[in-house]
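> Need a 3D model of the sequence below.
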Amino acid sequence: MSSTAPIGVFDSGLGGISVVRQLVRDMPHERVLYFGDSANAPYGVKSPEQVKALSFAIVERFVKQGAKAVVIACNTATSAAVNDLREAYDIPIIGMEPALKIACDRGDVPSDPHHIPQRVIVAATPLTLRERKFAKLMDRFDSDNEIYKEPCPDLVEIVESGRLGDHDLVMRTLHGYFDQYDLDRIDSVVLGCTHFVFYRDYFRELLPERAAVIDGNEGTVRHLGVVLESLGHLAPESAEGGVELANSDPSERIAALSRELLHA
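Model (predicted):
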């Protein structure tokens, strides 16, 4: 496998572009093929079997394009398909999961031997929060912390429909999900869906200053770099990186929105 081969990145729609932005920032010499499955979005309300079938079709597309690795830039698709994809293909398949460990580790203070219990809201899609993969992740941390699961499917729809700039709509939607919590007692919100990373500034407006807003994009890209380096497949510094955007929805609206989100 050539070190200048591309990296495939996919998502149920446009959310994974937030991961591509991180990848371009941290690994600028890599070529990235992005595929958004907006024609079938959202994945978060589909069955695991449906998501698995869609994920396999996209990875097969990347393999035919000569991808040296695939990033599933979608927590929902990771939950439903990552294990089966890794069994089926011999290239690295990098998945994502809500960054709950980072949120809970904030309770470990070097000067204090006792863990300070963290109150954490995990915002994600309904399927991510229902799947066994997330249940196992939550089991590792919920005995020492208070963890609240908050499914937010409408946040996916707002990004996909190009209404991310509608401040009133976004804040009204966030209040609809989060006003049930005493936010002054919350230590962090985990953005457990790549679409939600685009809402970081809105969450900052919603939450008190002491509360952290945490996502897994940086850690995912860092893990990808470690895996590629271990295989000798990192692109050389002389290589010219770039991003090629594709989508199952062929409309100009989606193409323009994809470019806008990539360069926002």
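> all contacts plus neighbour counts: C-alpha atoms, from now on.
Fine.
> for the stretch 1-150 of the chain, what spans make up the strands?
For the stretch 1-150 of the chain, the strands defined by DSSP state E, counting those that start in this stretch occupy 7-11, 31-36, 69-72, 93-94, 119-124, 146-151.
> show me the contacts for residue 22.
By Cα atoms under 8 Å, 6 or more residues apart in numbering, the contact list for residue 22 reads 217-218, 221.
> still on that earlier bit, need the strands of the stretch 1-150 of the chain in JSON lines with mean neighbour count, can you?
What follows is the strands of the stretch 1-150 of the chain, written out as JSON lines (neighbours: other Cα atoms under 10 Å):
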{"stretch": "strand 7-11", "mean neighbour count": "27"}
{"stretch": "strand 31-36", "mean neighbour count": "23"}
{"stretch": "strand 69-72", "mean neighbour count": "25"}
{"stretch": "strand 93-94", "mean neighbour count": "20"}
{"stretch": "strand 119-124", "mean neighbour count": "24"}
{"stretch": "strand 146-151", "mean neighbour count": "18"}
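> about what we covered before: can you flag the buried ones in the contacts of residue 22?
Among those, those scoring as buried are 217, 221 (criterion: 16 or more other Cα atoms under 10 Å).
> circling back: tell me which of the strands of the stretch 1-150 of the chain lies nearest to residue 182.
Closest to residue 182 of the strands of the stretch 1-150 of the chain is strand 119-124 (Cα to Cα; 10.5 Å).
> on contacts alone, who are the packing partners of the closest one?
Secondary-structure packing of strand 119-124 (3 or more Cα pairs under 8 Å, 6 or more residues apart in numbering; DSSP states H and E): helix 100-105, strand 146-151, strand 188-191.
> how does it look with 10 Å?
In terms of contacts (3 or more Cα pairs under 10 Å, 6 or more residues apart in numbering; DSSP states H and E), strand 119-124 is packed against helix 100-105, strand 146-151, helix 153-160, helix 167-178, strand 188-191, strand 212-215.
> just those: most buried one?
Most buried of the helices and strands packed on strand 119-124 by mean neighbour count (mean count of other Cα atoms under 10 Å) is strand 188-191; its value is a mean of 25.
> Relative to residue 1, which of the helices and strands packed on strand 119-124 is closest?
Among the helices and strands packed on strand 119-124, the nearest to residue 1 by Cα to Cα is strand 212-215 (30.9 Å).
> Tell me how far that closest one lies from the chain's centre.
12 Å (Cα atoms, centre = their mean, to the nearest Å).
> and it, which strands flank it?
Sheet pairing for strand 212-215, assigned by DSSP bridges, gives strand 188-191 (parallel).
> after the partner strand comes which helix or strand?
Following strand 188-191 in sequence order, the next helix or strand is helix 200-206 (DSSP states H and E).
> For residue 264, find the nearest of the helices and strands packed on strand 119-124.
Residue 264 lies closest to helix 153-160 among the helices and strands packed on strand 119-124, at 13.0 Å (Cα to Cα).
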